[in-house]
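Asker: Any chance you could fold what I've pasted below:
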Amino acid sequence: MNNTQDKILTCSDCGQQFTFTASEQEFFAKKGFTDPSRCPNCRAARKAARSGGSDYHGIFGNDERLPGDIPLPDSSVERLLSLARTLPNRELVT
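Answerer: Model prediction:
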């Protein structure tokens with residue numbers, strides 16, 4: 001049985017207090033992470049800023065959206081591009 005209790009931490013970005021739950025502490029410890037220094041909102045904002053604020057990747061690399069386009073996460077785009085590089089060049093049959 002684990003006696004971990006929730007901790008109240010202060011965000012290094014916005015200064016607000018946030019709860020670091022016992023289950024989050026166990027997860028962080030299991031992964032070898034240190035306690036978070038930012039609240040969930042500031043972590044999400046920082047993550048969005050690093051990724052350009054969007055998970056959309058245009059098929060032609062210019063991130064231009066067209067009607068009916070579906071956003072793809074980075075991992076899906078990378079898998080599709082990797083697969084496309086292994087296929088032989090062929091003409092499209094119309």
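
Asker: for the chain, what helix or strand is lowest in average pLDDT?
Answerer: Ranked by mean pLDDT, DSSP states H and E, the helix or strand of the chain with the weakest confidence is helix 74-86, at a mean of 66.

Asker: Please look at residue 22 and residue 5 and confirm they touch.
Answerer: Yes: Residue 22 lies in contact with residue 5 (C-beta atoms under 8 Å); the separation is 5.8 Å. The way it works is simple: take the backbone N, C-alpha and C, and place the C-beta from them, glycine included.

Asker: Between those two, tell me which one has more neighbours.
Answerer: When neighbours are counted by other C-beta atoms under 10 Å, residue 22 and residue 5 differ, and residue 22 comes out ahead with 14 against 8.

Asker: Ramachandran coordinates for the more buried one?
Answerer: Per-residue torsions, residue 22: phi -60, psi -40 (degrees, to the nearest 10).

Asker: what sits up against stretch 32-51?
Answerer: Here stretch 32-51 makes contact (C-beta atoms under 8 Å, 6 or more residues apart in numbering) with 7, 9, 11-14, 16, 18, 20, 25, 28, 74.

Asker: Mark which of those are buried, thanks.
Answerer: Buried residues within those, counting neighbours by 16 or more other C-beta atoms under 10 Å: 9, 11, 18, 20, 25.

Asker: separation between residue 13 and residue 5?
Answerer: Shown here: residue 13 relative to residue 5, a distance of 25 Å by C-beta to C-beta, to the nearest Å.
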